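Engineer: no FASTA, just this:
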């Protein structure tokens, strides 16, 4: 799995497959996993769920950036970083159908790229535990972790998040996808994206089809921004739809239309309980 430093901006066009016709970009926390690892850490060994939810509300209302809010969350977790990794590896669970999707994608030469606001060492460790050897065939583009000045990440309170870029998100996910979107039509692959949060919207706008998680705010943002999407509950939904598209049984436009229609029918799982 790739580290974020000096990342090849078109890596998925030649690793692990050469010139793929499809690429699947995906969020990590709450999309591949059942829990958000950063929320889990903040709620249980940081400043707690109530303060985190207040901060999230501030971001949604435009009172502070995701970047600032997320840094406060991570700063509230003071355990040595190796302990944080161990804690999350023991507690974070995988979507029960992700491994089935991944096996099929690898058999059909479709690269999977994790694009995350989380920290690379945590994602790498969780994926190694939950996916096994196939985790090495998934690229990760994410934030990093670094020692505070004069301290070590192995110390209590000795680490902090190191952001991927200078954007208000800390990691503008669209930046790493845009080079693929700009490829000439005869080389440009069809691109999918799966996500559940507001930070996924910029990435989704660069791809051909967004899988938006049922019951989450991302769906409402997509409707407002006219971003094509289809709804998923778990990765079995994603696998079924991607298989149909790859087989030519349905187009990405048809899939997106179905997604919007399900939202209009009230089948997107919102009903006032978006997260």
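Structural biologist: Perfect, I can see it now. Small disclaimer: the values here were computed from a predicted structure and weren't measured.
Engineer: from now on I want contacts and neighbour counts done on CA atoms only, so please keep to that.
Structural biologist: OK.
Engineer: need the contact list for residue 158.
Structural biologist: 78, 80-81, 147-148, 151-152 (CA atoms under 8 Å, 6 or more residues apart in numbering).
Engineer: how close does it get to residue 189?
Structural biologist: Applying CA to CA, to the nearest Å, the value for residue 158 to residue 189 is 42 Å.
Engineer: try residue 143
Structural biologist: Using CA to CA, one gets 25 Å for the distance from residue 143 to residue 189.
Engineer: cool, and residue 227?
Structural biologist: Computed with CA to CA, the distance linking residue 227 and residue 189 is 19 Å.
Engineer: quick one, strands of the protein?
Structural biologist: Taking DSSP state E to define them, one finds strands in the chain at 22-26, 112-119, 139-147, 159-162, 190-195, 209-213, 229-232.
Engineer: mean neighbour count added to these, as CSV?
Structural biologist: CSV is the format used below for the strands of the chain (neighbours: other CA atoms under 10 Å):
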stretch, mean neighbour count
strand 22-26, 23
strand 112-119, 24
strand 139-147, 22
strand 159-162, 19
strand 190-195, 24
strand 209-213, 28
strand 229-232, 27
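Engineer: residue contacts, the closest residue to residue 46 other than its chain neighbours?
Structural biologist: For residue 46, ignoring the flanking residues on the chain, the nearest one in space by CA to CA, 6 or more residues apart in numbering is residue 77 at 4.4 Å. Residue 77 makes contacts with 41-42, 45-47, 157, as judged by CA under 8 Å, 6+ apart.
Engineer: of the residues you listed, buried ones?
Structural biologist: 41-42, 46-47, 157 (16 or more other CA atoms under 10 Å).
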